[in-house]
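Participant: I need the structure of the sequence given here:
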Amino acid sequence: MAAGGFCKLPTGSVVVALNLPSPTAHGVGCVRVLVHARNRARALTRLRNHGMRAVYLRGNAAPPTPDEITAVLHHPDGLIWRTAPDNGVAPDLVQELWHPIRALLRRPTTPA
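Facilitator: Modelled structure (predicted):
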């Protein structure tokens, strides 16, 4: 379930992509998270700092696509997510827009 991969950019930085179970109960089963950082270790540290403690990158089975790299490079935070397709659809064919990581980690409000 925790498939992922990375791509080293010409500038020396990396983009890490991970398929993770959703950390919240928003009805989302699995999410694809993209992180732009100076190196792989720093990318994983950025995720851990957002509360995703058990995040590891083993191998390069699902590296980010060129469209995913473009999306994360153009986002000011360099840390985005969207629902991961369960049916084997290529990540580039998903119609959902990318969301900032704070939208995933936002606590649901309880009605008074």
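Participant: could I get the buried residue list for stretch 9-29?
Facilitator: 13-20, 23 (16 or more other Cβ atoms under 10 Å). In short, each C-beta sits where N, CA and C put it, glycine included.
Participant: among these, which are in helices?
Facilitator: Among these, none falls in helices (DSSP state H).
Participant: narrow those to those in strands?
Facilitator: Members of the buried residues of stretch 9-29 lying in strands (criterion: DSSP state E): 14-20.
Participant: can you give me the helices for this protein?
Facilitator: All helices of the chain, identified by DSSP H, fall at 40-49, 66-73, 101-105.
Participant: show me where pLDDT drops low in this structure?
Facilitator: Scanning the chain for pLDDT under 70 picks out 1-2, 23-28, 86-94, 105-112.
Participant: so in terms of bridging, what pairs with the residue nearest to the spatial centre of it?
Facilitator: Taking Cα atoms, centre = their mean, the centroid of the chain lies closest to V33, which sits 0.7 Å from it. Taking DSSP bridges as the rule, V33 bridges to L18, W81.
Participant: ok, now which ones touch it?
Facilitator: 17-20, 47, 52, 79-81, 101 (Cβ atoms under 8 Å, 6 or more residues apart in numbering).
Participant: H36 too?
Facilitator: Contact analysis of H36 by Cβ under 8 Å, 6+ apart lists 13-15, 43, 72-73, 78-79.
Participant: do you know which of the helices of the chain lies nearest G59?
Facilitator: helix 40-49 (11.7 Å; Cβ to Cβ).
Participant: how far away from the center of its chain is that closest one?
Facilitator: Relative to its chain's centre, helix 40-49 lies at 11 Å (Cα atoms, centre = their mean, to the nearest Å).
Participant: identify the residue nearest A3 in space, chain neighbours excluded?
Facilitator: A62 (4.2 Å; Cβ to Cβ, 6 or more residues apart in numbering).
Participant: shouldn't that neighbour be in contact with G5?
Facilitator: Yes - contact status for A62 versus G5: in contact at 4.8 Å, counting by Cβ atoms under 8 Å.
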